[in-house]
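Asks: need coordinates for the following:
(chains A and B)
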Amino acid sequence: MSRLLEMKGLTKRFGPVLACDNVDLKLDAGEIVGLLGENGAGKSTLVKMLFGIYEPDAGEIYFDGQLADIEGPGDAIAQGIGMVHQHFQLVPPLTVAENIMLGAEVVPEGGPGSVVGVMNMAAAEERVLELSKRFGLKVDPSAVVEDLPVGVQQRVEILKALNRGARLLILDEPTAVLTPKETDELLKVMRSLADTGVGIIFITHKLREVLAVTDRVTVLRNGKYIGSAETAESTQQSLAEMMVGRSVVLRVEKGTAHPGSSVLEVRDLRVRDDRGSAAVQGMSFDVREGEILGIAGVEGNGQRELVEAITGIRHSESGAILFGGIDMTNATPREVSEWGVAHIPENREKDGLVDNYSVADNMVLNTYFKEPFASRGIRVVDAIRKWASKLIEKFDVRPRTITSPVKSLSGGNKQKVIVARELSAENKLIVASQPTRGVDVGSIEFIHNQLVHQRDKGRAVLLVSAELDEILSLSDRVAVVYEGRVVAELDGATATREEIGLLMAGGSASEAAVS
Amino acid sequence: MSTIKPIPLVLAGLSLLAAILLYAWDGQQTEAVVSRAVVEAGPLLLGALCGLLCERSGVINIGIEGTMLMSAFAGFFIASYSGVIWIGMLGGLAMSAVVGLFLAWTSVTLKQDQIIAGTIINIFALGFTSFYYVQGRTMPGVPRVAIPVLKDLPFVGPMLFDHGILTYSAMFIVVAVHLMLYRTRWGLRTRAIGEHPSAADTVGVNVITLRYRNVILGGLLAGVAGLHLLQSASSFQRGMTNGKGFIALAVMLFGRYRPFGAMGAALLFGLLGGIQAQLQFKQALDIPPQFFGMIPYLLTIIVLAAAGLAARPPAAAGTPYEGA
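Replies: Reported below is the predicted structural model:
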């Protein structure tokens, strides 16, 4: 196969931060290269330079053997480079065909219509159908994008790039939003695209997927090129060590659980989402002392509303939430927190932290009004500082400063601030929603150990996560949710990835048992 | 465009019903009411199309009122001094394009708050035009065109086909905007940059240029709206827009950001204006006339409160584009 892309010594600086430092990357036609690295390692910066979104400070890009000068996304597309962004670049109210044709509209030459650019949408839809057949990506060209499931929207993104004649495809964390089944389908599609000669750069931090589909892996850390490896000669362990720079324990060390009595009982709970449609449609489950109950499910199946109902943020329509036997349904967030429920929210910037407050003030967001942090309504700054200093040591928050605003911290350290605050109070129940989203491997390890530690101290942990690996490695029991209901409860020790994956996608328990 | 559009349909139905009832009541009076409705709907529709074009591109334009006023002011005095109505109209359009350019510059390039930029336009326009206003001048009238055969049709003829040219231009422009928005490359790109600008940017559409172009184009439409007011009033008066630029916003919202929706809404508001004027004129009811005058403004408040909830604005409206 011929060399399609060669990036030499690419460097990009944002102010004092060196986001990409002298990075090399090579790719042949028909090859899939995994670009691996923790958050902030420089993966996105590197491909954004390739796609013309950022201009490199130094370095050269050879595309098809020629020194390429890429002036912007439009230019990149014209040269045959396509990108599927992490956040879809699709216009939700437009149709599939309109989205695919945007920027490359079918406008017949000649006639009065061509003066004002009248499009031929029928021809456009025809073309989309033809493309979708050729590459085996099934879509309905006249469907409105916002009505489509995420997996199909992603297909539209890929078709959009292929329609523009992409010979090099960049996929930026494409599996983050997919169900396990959709992920498997995507990996198949990637392989068949590569077989037609398309070169693919696959950005991810999921080692399993890298091993399943790539030919080679390039690893970045702190903006630096660490190395490349043949996938066939790599293991999860070896790649993780390259990413983090030290040996990592991928499996969480945890002993058997010793569950006690029920702490949280959810009974036939019904909750509506922001738009007023039923999101939680009659969920029932228990969480006991000393166990971790994992809620597995594709995002948008009622998990967010469930967590918000339990923590008092959202109104419950009907049903009951019992906490140590007390009815906690529709209690206020303050009551819920005072009764002993810790909450690690899904959206840490929005619900977990006040971005402009200092680390110290964020450490007492739920206790600032109580002794010793306040006395007769006046804040006791000394006490707050002392407490915060203790916590950043204990929970390894970096940098070790309590006065800087929390927004200056990295995602992983922000999350550690929340974890420190929530887990250091005397709580009976911990509700952790996507606790390691966007967090680096080192912090993930730390947070996981903390959750297991809480369990071992006899606390009940409700873990909500879209990451199957996280569910599998932490949960003592797994409840799978689909369309607002608990469709199955499994033993965490014996549940398999395939079984949960099938249930998450709406398959029945009997199907899951057969597979 | 397969979604059902109930509001314009309901509007059209209501207007028709009202027209029939009125006609049954008194033919001559109805003629007066509907004819006036068509004339009053013109500036509202054009103003609404201005707002629609800007907001569909991602820029909220609440400076329609000020743009209309500036255009009417420039149009009147240039026509008055030159003695040629066409030169005056060109001057009005040029002025409205400049106002559009100002809004585009502050909101697209400087990335300032768009509501504040619009407010500046409104306050400036009122102050500027009132200060430089000179009393006692006149201008040549805007040509009135009665369409030969159509105007002789019974009932609809005099109501629809005997108006100033700007009234016709409103009808023509709404069709043009609709076709352009849904059928052309420009329209597809415009709809895209108002909903998800980075999606357009990453396929090579220049969001900044297109927003500039559309906001200036929107300014021109508001300019036509201002000239339309001038056509009806035949001279400039201080504060002559009298809130019509804001009613146009309600019209845009009520029409759910769609050209024909806006047309339906504009006709409804126009009809109310027509009825209101007739009631005042006839003194049919023994109520102070100001109460009738209130009707369009009351309706605006109700529409903004109620229909505003149902209409979904373009997702990126009001947000400056920061790049992909």
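Asks: from now on I want contacts and neighbour counts done on CA atoms only, so please keep to that.
Replies: Fine.
Asks: residue contacts, the residue nearest to A:V139 when sequence neighbours are not counted?
Replies: Distance criterion CA to CA, 6 or more residues apart in numbering or on different chains; nearest residue to A:V139, sequence neighbours excluded, is A:S132 at 6.6 Å. By CA atoms under 8 Å, 6 or more residues apart in numbering or on different chains, A:S132 lies in contact with A:138-139, A:159.
Asks: what about the strands in the stretch 1-150 of chain B?
Replies: Assigned by DSSP state E, counting those that start in this stretch, the strands in the stretch 1-150 of chain B fall at B:144-146.
Asks: so what's the most centrally placed residue in chain B up against?
Replies: Residue closest to the mean C-alpha point of chain B, counted by CA atoms, centre = their mean, is B:G47 at 1.9 Å. For B:G47, the contact set (CA under 8 Å, 6+ apart) comprises B:64, B:68, B:221-222, B:225, B:245, B:248-249.
Asks: turn those into a markdown table, columns for distance to chain A.
Replies: Converted to a markdown table, the contacts of B:G47 look like this (distance: CA to the nearest CA, whole Å):
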| residue | distance to chain A |
| --- | --- |
| B:I64 | 26 |
| B:M68 | 27 |
| B:L221 | 18 |
| B:A222 | 22 |
| B:A225 | 24 |
| B:G245 | 28 |
| B:A248 | 24 |
| B:L249 | 22 |
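Asks: most neighbours among the residues you listed, which one?
Replies: Of all the contacts of B:G47, B:A222 has the most neighbours under the rule other CA atoms under 10 Å in any protein chain shown, reaching 38 neighbours.
Asks: is it true that that one lies in a helix?
Replies: Yes - judged by DSSP: H, G, I helix; E, B strand; the rest coil, B:A222 forms part of a helix.
Asks: quick one: mean pLDDT over the helix or strand hosting the residue nearest to A:V139.
Replies: In this structure, A:S132 is located in helix A:121-134 according to DSSP states H and E. Here helix A:121-134 scores 93 as its mean pLDDT.
Asks: tell me if I'm right that B:L126 and B:L69 touch.
Replies: Yes - counting by CA atoms under 8 Å, B:L126 does reach B:L69; the two are 7.3 Å apart.
Asks: which neighbours do these two share?
Replies: Between them, B:L126 and B:L69 share the contacting residues B:G239, judged by CA under 8 Å, 6+ apart.
Asks: which one's more surrounded, the two?
Replies: B:L69 (36 against 19).
Asks: contacting residues for residue 82?
Replies: Looking at chain A here, since you left the chain open. A:51, A:76, A:161-162, A:164, A:166-170.
Asks: please go with chain B instead
Replies: Neighbours of B:S82 in contact, by CA under 8 Å, 6+ apart: B:G88.
Asks: in the helix holding A:S132, what's buried?
Replies: Residues of helix A:121-134 classed as buried by neighbour count (16 or more other CA atoms under 10 Å in any protein chain shown): A:121, A:124-125, A:127-129, A:131-132.
Asks: off-centre distance for it?
Replies: Its chain's C-alpha centre and that of helix A:121-134 lie 32 Å apart, by CA atoms, centre = their mean, to the nearest Å.
Asks: can you give me the buried ones in the next helix-or-strand element following that helix?
Replies: Elements were assigned by DSSP H and E; along the chain past helix A:121-134, the next helix or strand is helix A:150-163. Across helix A:150-163, burial judged by 16+ other CA under 10 Å covers A:150-163.
Asks: and for stretch A:54-72?
Replies: For stretch A:54-72, burial by neighbour count (16+ other CA under 10 Å) applies to A:54-56, A:60-64, A:68-70, A:72.
Asks: and if you look at stretch A:184-195?
Replies: Buried-residue list, stretch A:184-195, by 16+ other CA under 10 Å: A:184, A:186-187, A:189-191, A:193-194.
Asks: before we move on, back to that, greatest separation within the contacts of A:G82: which pair is it?
Replies: Based on CA to CA, the longest span within these runs between A:F51 and A:L162 and measures 14.9 Å.
Asks: ok, B:S80 - how many residues close by?
Replies: If you count neighbours by other CA under 10 Å, B:S80 ends up with 18.
Asks: got a list of what it touches?
Replies: By CA under 8 Å, 6+ apart, the contact list for B:S80 reads B:88, B:137-140.
Asks: which one of the residues you listed sits in the busiest neighbourhood?
Replies: Per-residue neighbour counts (other CA under 10 Å) across the contacts of B:S80 peak at B:G88, which has 26 neighbours.
Asks: ok, now how distant is the closest residue to that one other than its chain neighbours from chain A?
Replies: Distances taken as CA to CA, 6+ apart put B:A79 closest to B:G88, at 3.8 Å, once the chain neighbours are dropped. Taking CA to the nearest CA, to the nearest Å as the measure, B:A79 falls 32 Å from chain A.
Asks: residues contacting B:A79?
Replies: So B:A79 contacts B:85-89, B:139-140 (CA under 8 Å, 6+ apart).
Asks: how much space separates the closest residue to A:N427 other than its chain neighbours from chain B?
Replies: Spatially, and ignoring its direct neighbours in sequence, A:N427 is nearest to A:G340 (4.2 Å; CA to CA, 6+ apart). Separation of A:G340 from chain B (CA to the nearest CA) stands at 39 Å.
Asks: quick check: phi and psi on A:G340?
Replies: Main-chain torsions, A:G340, degrees, to the nearest 10: phi 110, psi 40.
Asks: who's in contact with it?
Replies: So A:G340 contacts A:426-429 (CA under 8 Å, 6+ apart).
Asks: mind running it again at 10 Å?
Replies: Counting by CA atoms under 10 Å, 6 or more residues apart in numbering or on different chains, A:G340 touches A:323, A:425-430.
Asks: in terms of pLDDT, where does it sit?
Replies: Looking at A:G340, the pLDDT reads 93.
Asks: ditto for B:G264
Replies: On the pLDDT scale, B:G264 gets 89.
Asks: wait, isn't it in contact with B:M171?
Replies: No - applying CA atoms under 10 Å as the test, B:G264 and B:M171 come out as separate, 11.5 Å apart.
Asks: what do those two both touch?
Replies: Common neighbours of B:G264 and B:M171, using CA under 10 Å, 6+ apart, are B:41, B:45.
Asks: from the contacts of A:G340, which two are the most distant?
Replies: Among the contacts of A:G340, A:F323 and A:A425 lie farthest apart (CA to CA), at 17.2 Å.
Asks: the more surrounded of the two?
Replies: The neighbour comparison of A:F323 against A:A425 (other CA under 10 Å) goes to A:F323, with 23 against 14.
Asks: from A:E308, how far out is the more buried one?
Replies: 15 Å (CA to CA, to the nearest Å).
Asks: where do the helices sit along the stretch 151-300 of chain A?
Replies: A:180-195, A:207-213, A:236-244 (DSSP state H, counting those that start in this stretch).
Asks: likewise the stretch 51-200 of chain B?
Replies: Using DSSP H, counting those that start in this stretch, the helices of the stretch 51-200 of chain B run over B:64-82, B:85-104, B:114-131, B:156-160, B:165-183, B:185-195, B:197-201.
Asks: next: the stretch 201-324 of chain B.
Replies: According to DSSP H, counting those that start in this stretch, the stretch 201-324 of chain B carries its helices in the segments B:207-233, B:244-254, B:259-282, B:289-310.
Asks: give me the helices and strands touching the third one, please.
Replies: Other helices and strands packing on helix B:259-282, by 3 or more CA pairs under 10 Å, 6 or more residues apart in numbering or on different chains; DSSP states H and E, are helix B:6-25, helix B:27-56, helix B:165-183, helix B:244-254, helix B:289-310.
Asks: is it true that B:G261 touches B:V251?
Replies: Yes - here B:G261 reaches B:V251: they are 8.5 Å apart, a contact under CA under 10 Å.
Asks: what is the burial count for A:E182?
Replies: 17.
Asks: quick one on the thing from earlier: how about the helices and strands packed on helix B:259-282 in TSV, adding mean pLDDT?
Replies: TSV is the format used below for the helices and strands packed on helix B:259-282 (pLDDT from 0 to 100):
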stretch	mean pLDDT
helix B:6-25	66
helix B:27-56	90
helix B:165-183	93
helix B:244-254	92
helix B:289-310	76
